[in-house]
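Undergrad: Dropping the sequence and predicted coords here.
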Amino acid sequence: MTRSEMTAGDVREFLDLMDEVGVRVWLDGGWAVDACLGGQTRPHADLDIVVQEHHLPAATAALRERGYRPVPRDDTCAWNFVLGDAAGRQVDFHVIVLDSDGHGRYGPPENGESYPAPALAGTGRVDDREVACVSPEWLVRFHTGYAVDADDWADVSALCERFGIPVPDDYRRFQAR
């Protein structure tokens, strides 16, 4: 399977499909950044989404009916996996279980990973469509703690500038340029 860019049209088509099957998703990753900024800033190889575990069967069945299949990766697990189609479009699933306070547990409880409720309170736009997405502050927080690259810096610097968020220490080396 060759990889292709995930376009705004692809994102809207995916979101329409999820609406049809009654599945709420939040955009995450690069498309969430662009949704918060109100327009596409760079090409995206995939679409990162956050989805509740109880919606997973409907979401994956709808994509499988459209030819999406598992994309093998070293980090594939029940709460993080990718489905892709023959055109190279890929959807990266981040599966959560919401608790009574609206926090999304990500993975087994012993991992201690979650999407805090404020992280799931973001909204943005993909073209003319309003979308639920990870909030800007949390997109910046989630873009730390690993070896960051120029794409990460482009995303983080744009979010920090637009929303008045302090630049994390992980990105100081980019500011010196």
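TA: Cool, got the structure. The structure displayed is predicted, hence computed values, not measured ones. Numbering: from 1, shown residues only.
Undergrad: Would you state the strands of the protein in chain order?
TA: Assigned by DSSP state E, the strands in the chain fall at 25-28, 47-52, 69-71, 80-84, 90-98, 104-106, 114-115, 122-126, 129-133.
Undergrad: Quick check: which of these is buried the most?
TA: strand 25-28 (a mean of 25; mean count of other CB atoms under 10 Å). For every residue, glycine as well, the C-beta is placed using N, CA and C.
Undergrad: Give me the contact list for that one.
TA: 11, 15, 18, 32, 35, 47-51, 55, 59, 92, 94, 120, 122, 124, 126, 131-134, 139, 142 (CB atoms under 8 Å, 6 or more residues apart in numbering).
Undergrad: Quick check: bridge partners of residue 131?
TA: Residue 131 has the following beta-bridge partners by DSSP bridges: residue 124.
Undergrad: how about the strands of the chain, which one is nearest residue 149?
TA: Judged by CB to CB, the one of these that comes nearest to residue 149 is strand 47-52, at 16.0 Å.
Undergrad: List the strands paired with the closest one, with their directions.
TA: Strand 47-52 has these strand partners (DSSP bridges): strand 25-28 (antiparallel), strand 90-98 (parallel).
Undergrad: model confidence over the shortest one, on average?
TA: Pointing back at strand 25-28 there. Mean pLDDT, computed over strand 25-28, is 98.
Undergrad: ok, now stretch 166-176?
TA: Across stretch 166-176, the average pLDDT comes to 89.
Undergrad: Between the two ends of that stretch, what distance do you get?
TA: 15 Å (CA to CA, to the nearest Å).
Undergrad: residue boundaries of the helices in this protein?
TA: Secondary structure of the chain (DSSP state H): helices located at 8-20, 29-37, 56-65, 136-142, 150-163, 172-175.
Undergrad: For the spatially most central residue of the chain, name its beta-bridge partners.
TA: When CA atoms, centre = their mean is applied to the chain, the residue found nearest the centroid is residue 28 (1.9 Å). Taking DSSP bridges as the rule, residue 28 bridges to residue 48.
Undergrad: what separates it from residue 99, distance-wise?
TA: Using CB to CB, to the nearest Å, residue 28 is found at 19 Å from residue 99.
Undergrad: just residue 57 next, same as before
TA: For residue 57, the distance to residue 99 - CB to CB - is 21 Å.
Undergrad: so how far is residue 122 from the nearest residue to residue 99 once chain neighbours are set aside?
TA: Nearest non-adjacent residue to residue 99, counting by CB to CB, 6 or more residues apart in numbering: residue 105, 6.5 Å away. Distance, residue 105 to residue 122, by CB to CB: 19 Å.
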